[in-house]
Every structure is written in C-alpha cells, then in structure tokens.
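Student: okay, predicted coordinates and the sequence, questions at the end:
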Amino acid sequence: MTLHGTDLRAESPTVPALPSLKNYVGGRFVEGGRPFEVRNPATGEIHALVHEADAAIVDAAVAAAEAALKGDWGHMPLAKRRHMLNAIADGIEARFDDFLEAEIADTGKPYSLAHHLDIPRGAANFRVFADVVAGLATETFEQDTPDGGKALNYAVRKPLGVVGIISPWNLPLLLMTWKAAPAMACGNAVVVKPSEETPSTTTLLGEVMSAVGLPDGAFNVVHGFGPDSAGELLTRHPGVRAITFTGETRTGKEIMTAAAANVKALSFELGGKNAAIVFADADLDAAVSGLARAVFLNTGQVCLAPERIYVERPVLDAFVDGLKKKAEALKPGLPHDDSVDFGPLISDEHREKVLGYYQLAVDEGATVITGGGTPTLEGPAAGGYFVEPTIWTGLAHDSRTCREEIFGPVCAVIPFDTEEEVVRLANDSDYGLASSVWTSNLSRAHRVGQAMEVGISWVNCWFLRDLRTPFGGVKMSGIGREGGVHSIDFYSEPSNICIKL
Ligand code: NAD
Ligand code: 6OD
C-alpha cells in the first residue's frame with residue numbers, strides 16, 4: 001500500500017515507519033499541526049499518523065474550493081464533468097487493493113466485506129451520479145400576463161457552492177463518496193472531513209483526484225476531530241454553503257446549531273433503533289439468515305441494522321434457536337484470515353460503550369441467549385476491540401436497551417401476538433431510519449411495509465440498495481433524502497428565469 005506523505009517517525013531509528021496522512025487542499029497535500037494516531041481496531045496497533053487541520057488549513061481548503069468554482073471546475077461542461085466522475089470511479093478501481101488495505105487497516109473489518117461492499121460502492125457512487133445528472137429535466141411554465149401578453153418561466157439548476165461533507169467511520173469510503181459524488185456531479189466543490197478514526201481512504205481519494213486531472217480545489221480533505229477541530233471549523237465557516245452529514249443524532253444537533261449562524265443547507269443521515277418484524281407466515285430460514293446478516297454485518301456497525309426484532313409468538317423459539325446458531329458460527333479474528341467473518345468494533349472507547357449496554361441489558365432483566373462478553377483471541381487479535389455477537393430475550397419494549405442506539409452486534413428479540421400490536425411497537429421509537437418485515441402474505445407485506453414510520457422499509461430483505469431510490473430517516477434519524485434525483489435536489493438549487501414575451 002502506498003499513502004501520500006512522509007514518515008513522521010523517520011527521525012527515530014527504533015520506531016517503525018508509519019504512513020502519515022496529510023490534508024489535501026487545492027490539489028496539494030499539506031501538513032497540519034500536531035499529528036494524531038490512528039489504530040487498527042483488529043490489533044489495537046497504531047498504523048498511521050494524521051496531520052490535523054487547523055483554522056488556517058480549513059480556510060485554505062474553503063478558499064481553494066471557491067477558486068475552483070470560479071475557475072476550471074465551475075466552467076466545466078456537464079459532459080466533461082460526467083467524464084471526470086467516471087474517471088474517478090476508474091481511478092478507484094485501478095487502485096482497488098490500495099483502497100482495500102487502507103479501509104481494512106482503519107476499520108479492521110474482514111477482507112471479504114471490504115472487498116465486496118465498501119470499495120466497489122466507493123466507485124459505484126461516482127458512476128451512478130454521473131448517469132443521474134445526465135439529461136435532468138427542468139421546469140417550464142408559460143404564464144398569462146396582466147397586459148394580455150405572455151411570459152415564459154424556466155428553471156435552471158445551479159450548484160450550491162462549497163459543500164462541507166462530514167462522514168463517519170463505519171463504512172468510510174462508501175458513505176463519504178455517497179455524498180461527494182452527487183455533490184460534485186451537480187458542480188459543487190467539496191471539502192471533506194472524514195472521521196478521525198478512518199482517514200485513510202479519503203486521503204487516498206485525493207491521490208486519485210490528482211491522477212485523473214480534477215481541477216485543483218474541486219475536492220479537498222481536511223483531517224481532524226469534531227468539536228474545536230476541523231469538523232466544527234467547517235460547520236461554522238461562512239464560505240461553506242451546505243453541510244451534508246452522516247453520524248450520530250447528538251452530533252447532528254451540534255452541527256445544526258453551528259450551521260444556523262450562516263443559514264447553511266443541511267442534509268442529515270443520523271442514528272437509528274431499527275425494528276425487524278417476523279410474522280409466523282414468513283419463510284423462517286430466510287428470515288433467520290437475512291436477519292443474522294442484518295444484525296451482525298460489519299459487527300453491527302451499520303445504521304440500518306435492526307437492534308429490535310419482533311417475532312410472532314408461534315415461531316419465537318425456532319427463530320431464536322436459528323439466530324443463536326448463526327451468531328455462534330461467526331468467527332472473529334484478523335481481516336486477512338479467510339475463515340474470519342466477524343471483525344472488531346471501531347475503537348476501545350466504542351467497545352466500552354457496547355459492553356456498557358451488555359451490562360445494562362442484564363440489569364434490565366435480559367436473558368442472554370448468546371454472547372454478552374468479549375471473546376478470547378490469541379496473537380495480534382488479542383489486542384483488538386472484539387465483542388461477542390449477542391442476542392437477548394426477556395427485555396421490556398420500553399427498556400433503555402430497546403430504545404437507545406447501541407451500534408454493536410446485538411439484538412433484543414421480543415414476542416408479539418397481532419399485526420396491530422407489532423406495528424405500534426415497531427413505530428414507538430424516537431428514531432425512524434429503516435425496518436425489515438418478513439412475511440409471505442402479499443397484502444400484509446404492503447400494508448405493514450407502508451405502515452412503518454421510517455425512511456426505508458424492506459420486505460423479505462435488508463440493505464438491498466438501488467442507488468436511485470430515496471434514502472434517509474424520519475424523526476431523530478435525519479433530515480432530507482439523498483439518492484438518485486433526491487441527491488440532485490439537495491446538491492443543486494433551481495433558479496427561475498422569467499422572460500416577458
Ligand atoms: P459521529 O457523529 O461521532 O461522527 C461523525 C463525524 O462527525 C466524524 O467525522 C466526527 O469527527 C464529526 N463530528 C463529531 N462532532 C462534531 C461536531 N461537533 N461538529 C462537526 N463535526 C463533528 O458518528 P460516528 O460515531 O462516526 O458514526 C456512527 C453513527 O453514525 C451512528 O449513530 C450511526 O447510526 C450513524 N450513521 C448513520 C447513517 C445513516 O445513513 N443514517 C449511516 C452511517 C452511520
Ligand atoms: O447504502 C447507502 O447509500 C447508505 N447510505 C448506507 C448507510 C449505511 C449506514 O451505516
């Protein structure tokens with residue numbers, strides 16, 4: 001793997017060389033203030049050092065983005081911009097293994113997962129939005145005027161300007177490019193602040209941008225943390241016209257407050273406490289397999305993962321037995337071990353949080369069906385941030401464990417007796433991101449699927465994505481929709497032209 005930058009530890013002959021990740025501003029990699037460390041969660045070892053962006057670097061990134069909008073990037077014809085987006089996708093694919101290793105080092109996730117999901121979606125996001133932005137319709141209205149004449153109105157889409165992108169650590173390249181690609185497709189210039197836990201693939205994308213000849217300043221990266229660091233500097237910056245954010249609901253509230261000063265446009269993809277529903281008429285094997293994947297994929301660190309599973313009473317025991325077998329078959333360990341299909345949590349801090357919920361569930365009266373602790377691993381993985389996949393029964397629907405987002409490989413299984421009851425229970429949440437309903441009754445599939453108070457309601461599946469569909473949450477799970485033309489609606493503004501004929 002090659003990552004741009006110098007070795008910050010090169011002066012010490014006793015300390016092994018580490019890649020250092022710089023900020024990418026105006027097409028150049030620039031150093032920042034005091035470097036911070038990034039650990040590989042599978043081993044707990046430091047694998048990179050990162051240059052934190054200070055206010056001067058964030059200012060320079062915004063200025064570079066503004067200059068790009070006035071320069072080559074802002075004047076680039078749509079066909080060439082679309083060609084550029086496809087070239088970026090080609091560039092990611094050409095360095096597939098570098099992206100793969102960078103993502104694995106930051107997240108510790110199994111090789112196969114990053115290989116099949118994270119990196120291909122990073123490239124696909126650019127291809128899809130290169131297509132979506134082609135041939136968009138605009139509105140026209142002919143109107144009668146008071147003097148008996150006519151006027152013609154038509155709207156043109158314009159970019160917002162400089163867009164700040166603040167992204168999380170769970171699917172780093174996937175979720176960052178899910179916003180960068182449509183923002184750039186609409187002609188905006190972007191300043192990205194990746195999670196401090198997972199800065200590597202975003203930095204690498206800077207190298208791809210240079211390699212494909214993207215005009216300087218159209219894509220910028222600033223590294224750092226949230227409060228009092230690059231994240232907050234970006235949200236408060238008067239030159240940034242919009243913030244698109246994926247992360248915790250609590251952080252979304254802070255960003256909303258900071259962004260209010262300049263009335264920035266906001267798009268928020270936030271937390272969830274998603275429900276799955278298994279009716280007795282469902283294909284039970286499919287429901288067990290589908291929901292085992294939903295609960296444990298990426299060690300449960302997927303915003304769409306169900307942490308509450310409501311099961312109709314006649315199939316409760318069979319479902320719990322099946323899910324338990326799936327959980328106990330998962331093998332934790334190092335990413336490059338082919339037999340491993342279960343990675344670590346992102347950090348020691350996050351593991352403490354998840355283990356805190358493991359204890360809380362017991363305090364709230366849970367029966368632990370499986371898991372509830374940390375696995376014993378040997379070798380380098382012994383230093384990793386692993387927890388056991390965990391299933392609970394016996395928790396009350398209104399317990400804290402069943403109301404708060406845990407973001408780990410866990411679920412509470414709760415019985416129900418009627419459709420009306422389960423719809424009420426599933427919707428009784430502060431959040432409303434996604435749901436997954438399992439039934440073989442076609443009418444019920446539509447009825448219950450539509451009754452879910454969420455942005456994305458899956459039936460007999462989970463995390464099946466068509467990137468043209470609206471994506472986002474209701475209630476505390478987010479503001480706005482992205483995906484297909486919905487992304488275009490956020491990342492561009494219609495401007496009406498009225499011509500008196
Ligand atoms: P987080 O909110 O802690 O951090 C996300 C990003 O925000 C990071 O880059 C962080 O540095 C930055 N940040 C933190 N405080 C900030 C501040 N005050 N101002 C500006 N930036 C700030 O989230 P996380 O822990 O990285 O990710 C996990 C969370 O993300 C979970 O809650 C999960 O549900 C949510 N998530 C939601 C979706 C979705 O599509 N709805 C997708 C993925 C993750
Ligand atoms: O698939 C996507 O586009 C998307 N936004 C997924 C979100 C996953 C949350 O962790």
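Tutor: Received it, and whenever you're ready, just let me know what you need. Numbering: from 1, shown residues only. Ligands and ions are numbered 1, 2, ... in the order given.
Student: in space, what's closest to the closest residue to ligand 2 within the chain - neighbours in sequence excluded?
Tutor: Nearest residue of the chain to ligand 2: C303, at 3.5 Å (Cβ to the nearest ligand atom). For the C-beta atoms, the positions are set from N, CA and C on the backbone; glycine is no exception. Distances taken as Cβ to Cβ, 6 or more residues apart in numbering place G272 nearest to C303, at 5.2 Å, with adjacent residues excluded.
Student: is W169 in a helix, a strand, or coil?
Tutor: coil (DSSP: H, G, I helix; E, B strand; the rest coil).
Student: that one and E197 touch, don't they?
Tutor: Yes. With contacts counted by Cβ atoms under 8 Å, W169 reaches E197, the gap being 4.0 Å.
Student: what touches both of the two?
Tutor: Residues touching both W169 and E197 by Cβ atoms under 8 Å, 6 or more residues apart in numbering: D106, I346.
Student: tell me the contacts of N274?
Tutor: Neighbour list for N274: L304, A305, P306, E307, R308, Y431, L433, A434, S435, S436, V454 [criterion: Cβ under 8 Å, 6+ apart].
Student: so which of the residues you listed wins on neighbours?
Tutor: A305 (32 neighbours; other Cβ atoms under 10 Å).
Student: residue contacts, that residue?
Tutor: Here A305 is in contact with G272, N274, A294, V295, L297, N298 (Cβ under 8 Å, 6+ apart).
Student: narrow these to those in strands?
Tutor: Taking DSSP state E as the definition of strands, these contribute N274.
Student: got CSV for the contacts of A305, with pLDDT and distance to ligand 1 too?
Tutor: Formatted as CSV, the contacts of A305 follow (pLDDT from 0 to 100; distance: Cβ to the nearest ligand atom, whole Å):
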residue, pLDDT, distance to ligand 1
G272, 98, 5
N274, 98, 9
A294, 98, 14
V295, 99, 14
L297, 98, 13
N298, 98, 10
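Student: just the contacts of A305: which are in helices?
Tutor: Using DSSP state H, A294, V295 are the members of the contacts of A305 that sit in helices.
Student: got the phi/psi numbers for the residue nearest in space to the middle of the chain?
Tutor: With distances taken as Cα atoms, centre = their mean, L175 lies nearest the centre of the chain, 3.7 Å away. In terms of degrees, to the nearest 10, the main-chain angles of L175 are phi -80, psi -30.
Student: before we move on, what about W458?
Tutor: The phi/psi pair for W458 (degrees, to the nearest 10) reads phi -90, psi 140.
Student: which residues touch it?
Tutor: Contacts of W458 by Cβ under 8 Å, 6+ apart are A434, S435, S436, V437, G449, L464.
Student: also near ligand 1: which of the contacts of N274, exactly?
Tutor: Contacts with ligand 1 within the contacts of N274, as defined by Cβ under 6 Å from any ligand atom: L433.
Student: and the contacts of N274 as CSV, adding distance to G408 and secondary structure?
Tutor: Formatted as CSV, the contacts of N274 follow (distance: Cβ to Cβ, whole Å; DSSP: H, G, I helix; E, B strand; the rest coil):
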residue, distance to G408, secondary structure
L304, 14, coil
A305, 9, coil
P306, 13, strand
E307, 8, strand
R308, 14, strand
Y431, 16, strand
L433, 16, coil
A434, 17, strand
S435, 19, strand
S436, 18, strand
V454, 21, coil
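Student: put together CSV for the contacts of N274, with pLDDT on each row.
Tutor: As requested, the contacts of N274 are exported to CSV (pLDDT from 0 to 100):
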residue, pLDDT
L304, 98
A305, 98
P306, 98
E307, 98
R308, 98
Y431, 98
L433, 98
A434, 98
S435, 98
S436, 99
V454, 98
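Student: reformat the contacts of N274 as CSV; add distance to V132.
Tutor: Listed next are those as CSV, based on distance: Cβ to Cβ, whole Å:
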residue, distance to V132
L304, 22
A305, 27
P306, 29
E307, 32
R308, 34
Y431, 28
L433, 23
A434, 22
S435, 26
S436, 26
V454, 23
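Student: ok, the contacts of N274 vs T107, which is closest?
Tutor: Comparing those against T107 with Cβ to Cβ places A305 closest, at 15.5 Å.
Student: picking that back up, among the contacts of A305, which one has the most neighbours?
Tutor: Neighbour counts for the contacts of A305, by other Cβ under 10 Å, peak at N274, which reaches 32 neighbours.
Student: what are the bridge partners for it, then?
Tutor: P306 (DSSP bridges).
Student: likewise the one 4 residues further on?
Tutor: Using DSSP bridges, the bridge partners assigned to V278 are V311, W438.
Student: can you check the pLDDT for it?
Tutor: V278 carries a pLDDT score of 99 in this model.
Student: kindly provide the distance from it to L323.
Tutor: From V278 across to L323, the span is 10 Å (Cβ to Cβ, to the nearest Å).
Student: check A94 too.
Tutor: 41 Å.
Student: ok, now R468?
Tutor: According to Cβ to Cβ, R468 stands 32 Å off from L323.
Student: so for these two, which sits in the more crowded spot?
Tutor: A direct count of neighbours by other Cβ under 10 Å for R468 and L323 places L323 higher, at 26 against 15.
Student: confirm for me that the residue nearest to C303 is in contact with S435.
Tutor: No. At 9.5 Å, G272 does not count as touching S435 under the criterion of Cβ under 8 Å.
Student: what about A218, how many residues close to it?
Tutor: 26.
Student: for it, which non-adjacent residue is closest in space?
Tutor: Spatial nearest neighbour of A218, excluding adjacent residues (Cβ to Cβ, 6+ apart): W73 at 4.1 Å.
Student: okay, now that neighbour: neighbour count?
Tutor: 23.
Student: report the secondary structure state of it.
Tutor: Here W73 is helix, with the state taken from three-state DSSP.
Student: hang on, it packs against N220?
Tutor: No. The pair W73 / N220 is not scored as a contact, 11.5 Å apart, by Cβ under 8 Å.
Student: residue boundaries of the helices in the stretch 201-350 of the chain?
Tutor: With DSSP state H, counting those that start in this stretch applied, the stretch 201-350 of the chain shows helices at 230-236, 249-260, 284-296, 316-329, 348-363, listed in chain order.
Student: got the contact list for the residue nearest to the centre of the chain?
Tutor: Neighbouring residues of L175 by Cβ under 8 Å, 6+ apart: S167, P168, T246, E269.
Student: please apply the same query to D106.
Tutor: Contact analysis of D106 by Cβ under 8 Å, 6+ apart lists V38, N40, H47, A48, W169, P172, E197, T198, P199, S200, T201.
Student: can you pull the phi/psi pair for the third one?
Tutor: Geometry field for H47 lists phi and psi as phi -120, psi -10, criterion degrees, to the nearest 10.
Student: how close does it sit to P41?
Tutor: 10 Å.
Student: not counting sequence-adjacent ones, nearest residue to V128?
Tutor: The spatially closest residue to V128, leaving aside those adjacent along the chain, is L467, at 4.5 Å (Cβ to Cβ, 6+ apart).
Student: between H47 and P41, who's got more neighbours?
Tutor: P41 (30 against 19).
Student: how about the residues of the stretch 1-150 of the chain by ligand 2?
Tutor: The stretch 1-150 of the chain has no residues near ligand 2, with proximity defined as Cβ under 6 Å from any ligand atom.
Student: which intervals of the stretch 1-150 of the chain have sub-threshold pLDDT?
Tutor: The model of the stretch 1-150 of the chain has pLDDT under 70 over residues 1-16.
Student: what are the contacting residues of stretch 416-425?
Tutor: The contact list for stretch 416-425 (Cβ under 8 Å, 6+ apart) reads 275, 277, 279, 310-313, 397, 414, 444, 447-448, 451-452.
Student: was I right to think I119 contacts I104?
Tutor: No. Using Cβ under 8 Å as the test, I119 is too far from I104 to be in contact (9.9 Å).
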